[in-house]
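In: for reference, the sequence and a predicted model appear below.
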Amino acid sequence: MSTKKIQPSEMIINPDGTIFHLHLLPSQLTDRIILVGDPGRVNMVAEFFDTKTFEVSSREFHTIGGTYKGKPIMCLSHGIGPDNIDIVINELDALANIDFATREVKPEHRTLTLVRIGTSGALQPELIVGTPVIAAHAIGFDGVLNYYAGRNEVCDIDYQQAFCDYVHWNPLWAKPYVVPADKELVERIGRDDMVRGHTISAVGFYGPQGRELRLPLANPDLNSRIEKFRYNGEPVTNYEMESAPLQGLSLLLGHKAMTVCSIIANRVSTNATPNYKTAIHDLIKTVLERI
């Protein structure tokens, strides 16, 4: 069997041997990775590390590698949005599973464990600010996974169709997809102190999540329909912007991934707090202990 070779135009390697956007070397990659949106939050995670072995910053991608209780680990910021997740997951997988010297796919697959720690807005009134919610199911409004072969094999097609029918999905929008988090990882990280949720990954923060400032919304009743929707008796719990492409691409590439978000606003009760750092700090510590 011939080995797939990746052309220079498809995977750009910088002159210093690092991958194009992340500016990381294959030798710097660890099997356990914490993902966060905010580049500044990487420092908050790394404060818990026993040692710090490297630090790299490129655009919104900030990485610190080290150890936590003897375990090699790194924290990487992905910025905001599903398009960044497409870059991050593909480049992390390249670091793990493509030989940079030959540009050939390695014969033995290396599996990464990826846990994203984020913030989110709740869509159910009982989810109070500070609640940690795992995206046990992620509903992608972004369309990223639709560009990859094998999409339907990792998605819940019945869930997708039921959702579209119930909320009267606008045909001008990208086709939603529904992907699970890694079950073993969910149980290991979540245990009994985190909510298992159904999380929407939106393609934007304002109109795509039903926020109206000066521009009116094309479908102003979408959020109320989502709030009422149930699949197998379970509701959609929260909005954010990265879980679905993270979990979907990881499934296709053979990695273990999940997202857990701290609720910082409730879209139903309209309560919100900008002072969420304490809850995030505690959540980071919990994830580091369990990853």
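Out: Yep, that arrived. Numbering: from 1, shown residues only.

In: other SSEs contacting the helix ranked longest in the chain?
Out: Counting residues, the longest helix found in the chain (DSSP state H) is helix 82-97. Applying 3 or more C-beta pairs under 8 Å, 6 or more residues apart in numbering; DSSP states H and E, one finds that helix 82-97 contacts helix 243-253. The C-beta positions use only the backbone N, C-alpha and C, and glycine is treated the same way.

In: name the residues that touch the helix it packs on?
Out: Residues from elsewhere that reach helix 243-253 (C-beta atoms under 8 Å, 6 or more residues apart in numbering): 35, 82, 85-86, 89-90, 93, 97, 112, 114, 116, 118, 135, 138-142, 144-145, 148, 150-151, 154-155, 177-182, 199-201, 256-259, 261.

In: what is the burial count for residue 170?
Out: Using other C-beta atoms under 10 Å, residue 170 has 10 other residues around it.

In: surely it meets residue 218?
Out: Yes. Counting by C-beta atoms under 8 Å, residue 170 touches residue 218, with 6.5 Å between them.

In: residue 213 contacts residue 206, doesn't it?
Out: Yes. At 6.3 Å, residue 213 and residue 206 qualify as touching, with contact defined as C-beta under 8 Å.

In: those two: who's more crowded?
Out: Applying other C-beta under 10 Å to residue 213 and residue 206 shows that residue 206 carries more neighbours, namely 13 against 7.

In: and the more buried one, how close does it get to residue 4?
Out: The spacing between residue 206 and residue 4, counted by C-beta to C-beta, to the nearest Å, is 41 Å.

In: and stretch 243-261, what's buried?
Out: Across stretch 243-261, burial judged by 16 or more other C-beta atoms under 10 Å covers 243-253, 255-261.

In: what's the first-to-last distance across that stretch?
Out: Length of stretch 243-261, first residue to last, C-alpha to C-alpha, to the nearest Å: 10 Å.

In: picking that back up, how far does the longest helix of the chain sit from its chain's centre?
Out: Computed by C-alpha atoms, centre = their mean, to the nearest Å, the separation of helix 82-97 from the middle of its chain amounts to 11 Å.

In: give me the buried positions along that helix.
Out: Using 16+ other C-beta under 10 Å as the test for burial, helix 82-97 gives 82, 84-97.

In: and which of those residues is nearest to residue 284?
Out: Nearest to residue 284 out of these is residue 88 (C-beta to C-beta; 18.5 Å).

In: and that closest one, what does it touch?
Out: Each residue near residue 88 by C-beta under 8 Å, 6+ apart is listed here: 21, 22, 35, 61, 76, 78.

In: and if you look at residue 76?
Out: Contact criterion C-beta under 8 Å, 6+ apart gives 22, 33, 34, 35, 36, 42, 61, 62, 63, 88, 92 as the residues in contact with residue 76.

In: the same query, at a cut-off of 7 Å, please.
Out: By C-beta atoms under 7 Å, 6 or more residues apart in numbering, the contact list for residue 76 reads 33, 35, 61, 63, 88.

In: and which of these is nearest to residue 283?
Out: Taking C-beta to C-beta as the measure, residue 283 lies nearest residue 35 of those, at 13.1 Å.

In: before we move on, what SS does that closest one have?
Out: Judged by DSSP: H, G, I helix; E, B strand; the rest coil, the three-state class of residue 35 is strand.

In: next one: residue 48 from residue 139, what distance?
Out: Plainly put, residue 48 is 31 Å away from residue 139 if you go by C-beta to C-beta.

In: of those two, who's got more company?
Out: Between residue 48 and residue 139, counted using other C-beta under 10 Å, the more crowded position is residue 139 (26 against 18).

In: following the helix or strand containing residue 187, which helix or strand shows up next?
Out: Residue 187 is part of helix 183-190 when elements are defined by DSSP states H and E. Following helix 183-190 in sequence order, the next helix or strand is strand 195-201 (DSSP H and E).

In: now that following strand: average pLDDT?
Out: Mean pLDDT, strand 195-201: 97.

In: ditto for stretch 82-102
Out: Rounded mean pLDDT across stretch 82-102 is 98.

In: equivalent analysis for stretch 70-77, please.
Out: 97.

In: how far off centre is that stretch?
Out: For stretch 70-77, the gap between its own C-alpha mean and the chain's C-alpha mean amounts to 16 Å (C-alpha atoms, centre = their mean).

In: now stretch 135-145
Out: On the basis of C-alpha atoms, centre = their mean, stretch 135-145 sits 9 Å off its chain's mean C-alpha point.
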